[in-house]
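**Q** What follows is a predicted protein model with its sequence.
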Amino acid sequence: MELKDKLISSFMAFENRVDIDHPVHDIRTEAIKVFEEKGFPSKKDELWKYTSLNTLLKNNYSVFPKDEPGLEFKDVKKYFIHDIDSYKIVFIDGIYSSHLSQTSHEGLDACLMSSALNKPKYRTVIEKYFNKIAKKDDSLTSLNTAFSREGAFIHIPKGKVVEKPIQIIHFATGNEASLMLQPRSLVIVEENAQVQIIERHQSTTENAVFTNSVTEIFVHERAIADYYKIQNDKQSASLIDNTYIAQEKNSHASVHTFSIGGKLTRNNLQFLHKGEYINSTLKGITIIEGKQHVDHSTLVHHSEPNCESHQDYKGIYADKSTGVFNGRIIVEKEAQKTNGFQQSNNILIDDKATINAKPQLEIFADDVKCSHGCTIGQLDDEALFYLQTRGIPEKEARALLMYAFANNVLESVKIPEVKIRINKLIAMKLGVNIGFDL
Amino acid sequence: MLKINNLHASVEGKEILRGINLEVNPGEVHAIMGPNGSGKSTLASVIAGNEDFEMTEGSITMENEEITDLPPEERAHKGIFLSFQYPVEIPGVTVTNFMKTSINESRRAQGLEEMPANEMLKKIREKSELLEIDRKFLSRSLNEGFSGGEKKRNEIFQMAMLEPKLAILDETDSGLDIDALRVVANGVNKLKNKDNAVVLITHYQRLLQYIIPDFVHVILDGKIVKSGGKELAFELEDKGYDWVKQEVAV
């Protein structure tokens, strides 16, 4: 049976596991219809021209894991940023793991989507926010919505500055030969509140995992939300990350995406502006090799005046790896004085590596500052020779140049431990043992 | 220490070095002078291991070991240092981080542990003072936006940090004003001792007033055509290279 049919027929089984009288269930029912009609995206879709899901869809994924999975902290400690105090919301094969988590209801909610969906006290919040900005006609987002049940639920009340970052980790144990996961998360940052979130999807075995994740983030007036995505999964794991962010006036939101691992990674990242003086930051470092594929599909929708957005993506592609950067900026007629900046810089290490970069600016206002730049190049041989004459071996010299090329993306990372971790992951990825500390 | 025997090298099929012979011993300062296009900088690049140049004949040995097949970093590990005529700008790598990587990679090649952080900082402080380098400068990206003089001073700072056995200074004096020249020359003189050697590649004898050479060689059309003591430099300054050319022709 094709995966699409399997998923549609699984929906009835899924309905037995959730409260079908909950208002969200109508949303799920609508969503499965959209998915049924549209199916998985294909290369015929303009936004999926360079990313094919065909090989991924051939696996016979189990949709509901049968066994109660288990993981010991000592075995997965390395996937946490463990040298800082943090809240932790951890899932194993899609199921909440209380013993790996450290949730909170004190002064803020850092807990589970399942609780938010089930408990009456969250009903009004869910009705106000759930599926309000996720794109309703997008097939993969709709598929996630249809099966939405578990994920992180984060609600930061007015004026609360959350001191500790919140880590969201989705583990896949390989208990099933191949597993499909559909985490659904909701983040609400009320007026003047601040939060930092680190997210990771991680397999612990080489068994196939296909994650189709949706996160909705609401950033209210003068609030600040910083989101860090560490994508360093096993070569057998693929991820489609759909993240929707709505910002109110004077708010700041940033998403940093570090794509180093995984088989196929697609980041659909959309920012919607609902007020003036909003600041949006989208940054990414991609370093891939072999046959890895990373696709960044971004959209910043400027619909109000006096807002700014900054997109800065660096990509390094070795072997036969392929990258896609599809960066869109829309500036509505009303959005005067918009400052929209977009940059995509890429290095191809090998002849067979590919990057498809497509900046798209649709500007309907006349008093705006928008720029985009896209470069594709190689490492500078003269710089390489210079470093080598100082005793740095070729491999390390190359790594240093690649790191230097990408590292300005790290400057805006506010959590030092995250910066250190990314530096280490990059060094590991490049197979060198040099400290990239600045 | 360094022995070059009948060195021929070409770039894109064009022969630039046409039989260079040179011997440099510990404690010596050699100056290699010559007009533009004579092959001075090519000689420096070939010794350092630049693969843009193809060595077609001859040999280069460092402490009796053939180095012609070694990559640049292994030549560096053997104690060869090249101060670049045009140091490369590397945005995103700070001077300090570059120096740490450079020193630790060289130590690793010798089977040594990484240099402890406090020792590294102390060394960086000492050597930057020697070259009168501002501390702020050390946290800037390597050579990025540096003035010509700052780049050259930074090259000698790297030399001070790496303590090479053989330092080849390629046109280190070009682009320096008189004060910067004095600082750079003073740095080189302080680093000079009986166990190391310096090869100065220069167009003018200006630098040689500050760093006194033991030997001066004149290179013309890829060959060393005349060698002498320091007085040869002054003679060249007075008479120009045409005089040597005529002498060679005779």
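**A** Thanks, I have it.

**Q** Tell me which residues touch residue A:350, please.
**A** By C-beta atoms under 8 Å, 6 or more residues apart in numbering or on different chains, the contact set of residue A:350 is A:317, A:318, A:319, A:320. C-beta: built from backbone N, CA, C; applies to glycine.

**Q** Need these in a markdown table (columns: pLDDT and secondary structure).
**A** Listed next are the contacts of residue A:350 as a markdown table, based on pLDDT from 0 to 100; DSSP: H, G, I helix; E, B strand; the rest coil:
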| residue | pLDDT | secondary structure |
| --- | --- | --- |
| A:317 | 97 | strand |
| A:318 | 96 | coil |
| A:319 | 97 | coil |
| A:320 | 97 | coil |
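
**Q** Can you narrow those residues down to the ones near chain B?
**A** With C-beta under 8 Å from any C-beta of the partner chain as the criterion, no member of these is in contact with chain B.

**Q** Just the buried ones out of these, please.
**A** Of all the contacts of residue A:350 considered here, the ones buried according to neighbour count by 16 or more other C-beta atoms under 10 Å in any protein chain shown are A:317, A:318.

**Q** if we take the contacts of residue A:350, which one ends up nearest to residue B:172?
**A** The closest of those to residue B:172 turns out to be residue A:318 (C-beta to C-beta; 37.1 Å).

**Q** Contact partners for the closest one?
**A** Shown in contact with residue A:318 (C-beta under 8 Å, 6+ apart): A:288, A:289, A:290, A:349, A:350, A:353.

**Q** Report the buried members of the residues you listed.
**A** For the contacts of residue A:318, a burial check counting by 16+ other C-beta under 10 Å picks out A:288, A:289, A:349, A:353.

**Q** Bridged to the first one, which residues?
**A** Residue A:288 has these beta-bridge partners by DSSP bridges: residue A:317.

**Q** And it, how far from chain B?
**A** Plainly put, residue A:288 is 20 Å away from chain B if you go by C-beta to the nearest C-beta, to the nearest Å.

**Q** And the residue of chain B closest to chain A?
**A** For chain B, the residue positioned closest to chain A under C-beta to the nearest C-beta is residue B:92, at a distance of 3.0 Å.

**Q** Next up, identify which helix or strand that residue is on.
**A** Using DSSP states H and E, residue B:92 sits in strand B:90-94.

**Q** Report the central residue of chain B.
**A** The residue lying closest to the centre of chain B (C-alpha atoms, centre = their mean) is residue B:168, at 1.9 Å.

**Q** Reduced to three states, what does that residue come out as?
**A** The local conformation at residue B:168, judged by DSSP: H, G, I helix; E, B strand; the rest coil, is strand.

**Q** Name all residues that make contact with it.
**A** Residues in contact with residue B:168 (C-beta under 8 Å, 6+ apart) are B:44, B:47, B:48, B:80, B:81, B:82, B:83, B:198, B:199, B:201.

**Q** so who does the residue in chain A that chain B sits nearest to touch?
**A** Of all residues in chain A, residue A:404 sits closest to chain B, with a separation of 3.0 Å (C-beta to the nearest C-beta). Contacts of residue A:404 were listed using C-beta under 8 Å, 6+ apart, and they are B:90, B:91, B:92, B:93, B:141.

**Q** ditto for residue A:431
**A** Taking C-beta under 8 Å, 6+ apart as the definition of contact, the neighbours of residue A:431 are A:395, A:399.

**Q** for the buried ones among the contacts of residue A:318, which one is nearest residue A:337?
**A** Using C-beta to C-beta, these come closest to residue A:337 at residue A:288, 37.6 Å.

**Q** Could you check the pLDDT of the closest one?
**A** Model confidence at residue A:288, expressed as pLDDT, equals 97.

**Q** Quick check, central residue of chain A?
**A** Of all residues in chain A, the one closest to the mean position by C-alpha atoms, centre = their mean is residue A:241, 4.8 Å from it.

**Q** Is it correct that it falls within a strand?
**A** Yes - when classified by three-state DSSP, residue A:241 is found to be part of a strand.

**Q** Surely it and residue A:265 touch.
**A** Yes - using C-beta atoms under 8 Å, residue A:241 is in contact with residue A:265, at 7.4 Å.

**Q** Please list the residues of chain A that sit near chain B.
**A** Taking C-beta under 8 Å from any C-beta as the criterion, chain A approaches chain B at residues A:380-383, A:385-394, A:396-397, A:400-401, A:403-408, A:434-438.

**Q** Can I have the buried ones of those residues as a PyMOL selection?
**A** This is the PyMOL syntax for the buried subset of the residues of chain A next to chain B, where burial follows 16+ other C-beta under 10 Å:
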select buried, chain A and resi 383+385+386+387+388+389+390+391+392+393+396+397+400+401+403+404+405+406+407+408+434+436+438
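
**Q** Now, the residues of chain A next to chain B that are in strands?
**A** For the residues of chain A next to chain B, not one is inside strands, with DSSP state E as the criterion.

**Q** Can you flag the buried ones in the contacts of residue B:168?
**A** Members of the contacts of residue B:168 that pass the buried threshold by neighbour count (16+ other C-beta under 10 Å) are listed as B:44, B:47, B:48, B:80, B:81, B:82, B:83, B:198, B:199, B:201.

**Q** ok, and of these, which contact chain A?
**A** Contacts with chain A within these, counted by C-beta under 8 Å from any C-beta: B:48, B:81, B:82.

**Q** And the first one, how far from residue A:380?
**A** Counting by C-beta to C-beta, to the nearest Å, the gap from residue B:48 to residue A:380 is 17 Å.

**Q** and what of residue A:428?
**A** Counting by C-beta to C-beta, the gap between residue A:428 and residue A:380 amounts to 24 Å.

**Q** Sweet, I'm off.
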